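>>> No sequence on hand, only this structure:
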């Protein structure tokens, strides 16, 4: 049975997959509209995690509004050797903005490669969290993230 948490986590997995695909094509020399749209969505979602520290009004996150997705993100950052804090999220947002900016391609490739590795691993983490949530069922999944 699908739960709200598992649907959010699936959305996170799909966003990560779109970003990884876009970074792949960027590595081949093509900044696609698909990557730009996925990066804009990711920036909006990650900015929502920085509220109230950013200057924007309170955003409405679609992907990070459940304990499952927040725990998935936190666990992934820990495994990546990072902390779930304002600086980490801010760097992620700055890197995403930089990659889709008008800067020449040569300057973007290293950052894009780093982001591709990050989102590839994060997508797998999100997929595993969704799969485990679906296997446990709605009652066990709520207990897992409560």
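Structure received. Keep in mind the model is a prediction, meaning the values are calculated, not measured.

>>> which helices and strands sit right next to the top helix by length along the chain?
In the chain, taking DSSP state H as the definition, the longest helix is helix 105-136. If you count contacts as 3 or more CB pairs under 8 Å, 6 or more residues apart in numbering; DSSP states H and E, helix 105-136 packs onto helix 4-27, helix 67-79, helix 86-99, helix 138-145. Where C-beta positions appear, they are placed from N, C-alpha and C, glycine not excepted.

>>> Lowest average pLDDT across these?
Among those, helix 138-145 carries the lowest mean pLDDT, a mean of 50.

>>> Check the helices and strands packed on helix 105-136 for me and report the most buried one.
Comparing those by mean neighbour count (mean count of other CB atoms under 10 Å), helix 4-27 comes out on top with a mean of 20.

>>> Output the contacting helices and strands for the helix or strand following that one.
Following helix 4-27 in sequence order, the next helix or strand is helix 33-49 (DSSP states H and E). Counting contacts by 3+ CB pairs under 8 Å, 6+ apart, helix 33-49 packs against helix 4-27, helix 86-99.

>>> Show me which residues of helix 33-49 are buried.
The neighbour-count check on helix 33-49 (16 or more other CB atoms under 10 Å) flags 35, 38-39, 41-49 as buried.

>>> related to what we said a few turns ago, what angle sits between the longest helix of the chain and helix 67-79?
Per axes from the mean of the first three to the mean of the last three CA atoms, to 10 degrees, the angle that helix 105-136 makes with helix 67-79 is 130 degrees.

>>> Please name the residues that touch residue 77.
Contacts for residue 77 (CB atoms under 8 Å, 6 or more residues apart in numbering) come out as 83-84, 88.

>>> What's the separation between it and residue 89?
9 Å (CB to CB, to the nearest Å).

>>> Then residue 48?
Residue 48 sits 10 Å away from residue 89, going by CB to CB.

>>> same deal with residue 100?
Relative to residue 89, residue 100 is positioned 17 Å away (CB to CB).

>>> With residue 117 instead?
In terms of CB to CB, residue 117 sits 18 Å off from residue 89.
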